[in-house]
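Novice: Requesting a structural model of the entry that follows:
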Amino acid sequence: MILCSRNLVPNGYLGLTIYPFVFLKNKKLKKNAKLINHESIHLKQQLELLILPFYVWYVVEFLLRLCFYKTWHLAYKNISFEREAYANESNLKYMHQRGFWQFLKYIRAHDFPVKQKY
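Specialist: Prediction:
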């Protein structure tokens, strides 16, 4: 279910997924297929990890990457869940092709391209 809320989506982000909801910064973003695909990938990841473990893993991985990269943005971009979503957001067929726990392929620690615009 897609909801729009300027207040729930942190500044600097366009969307936020908290199973079973996708929160977008504004209504216009509902038409952004790339963003919706990105957030749909997160919904699938959350289901695969039975929701709560996803959030624990996400926070732990973020903190580890923050220690490594020293910047919030690089740490966020290098979380395996985000790497998978960013790498495949433009492939609108990805959700039909995606294998189980596909995010594990993105767990290796190396830089992800920092500039990402919708």
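Novice: So what's the residue count around Phe62?
Specialist: Here the neighbour count serves as a burial measure; for Phe62 (other Cβ atoms under 10 Å) it reads 17. C-betas here are computed from N, CA, C, even on glycine.
Novice: what does the helix or strand containing it rub up against?
Specialist: Taking DSSP states H and E as the criterion, Phe62 maps to helix 52-69. The set of residues external to helix 52-69 that reach it, using Cβ atoms under 8 Å, 6 or more residues apart in numbering, is 19, 45-46, 48-49, 72, 74-76, 78-81, 109.
Novice: And these, which of them are buried?
Specialist: Neighbour-count burial (16 or more other Cβ atoms under 10 Å) is assigned, among those, to 19, 45-46, 49, 75-76, 78-81.
Novice: Show only the entries of those found in helices.
Specialist: Among the buried ones among the contacts of helix 52-69, the members found in helices (DSSP state H) are 45-46, 75-76, 80-81.
Novice: would CSV of these with pLDDT be doable?
Specialist: Below are these laid out as CSV (pLDDT from 0 to 100):
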residue, pLDDT
Gln45, 98
Gln46, 98
Ala75, 95
Tyr76, 96
Ser80, 97
Phe81, 98
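Novice: Now the two most distant members of the residues you listed.
Specialist: Gln46 and Ala75 (19.7 Å; Cβ to Cβ).
Novice: residues touching the closest residue to Gln45 other than its chain neighbours, list them.
Specialist: Beyond its immediate neighbours in the sequence, the residue positioned closest to Gln45 (Cβ to Cβ, 6 or more residues apart in numbering) is Phe81, lying 5.2 Å away. When the contact criterion is Cβ under 8 Å, 6+ apart, the partners of Phe81 are 42, 45, 54, 57-58, 61, 103, 106.
Novice: can you pick the most crowded of those?
Specialist: The member of the contacts of Phe81 that has the most neighbours, counting by other Cβ under 10 Å, is Gln45 with 24 neighbours.
Novice: Secondary structure class of Phe23, three-state.
Specialist: Assigned state for Phe23: strand (three-state reduction, DSSP: H, G, I helix; E, B strand; the rest coil).
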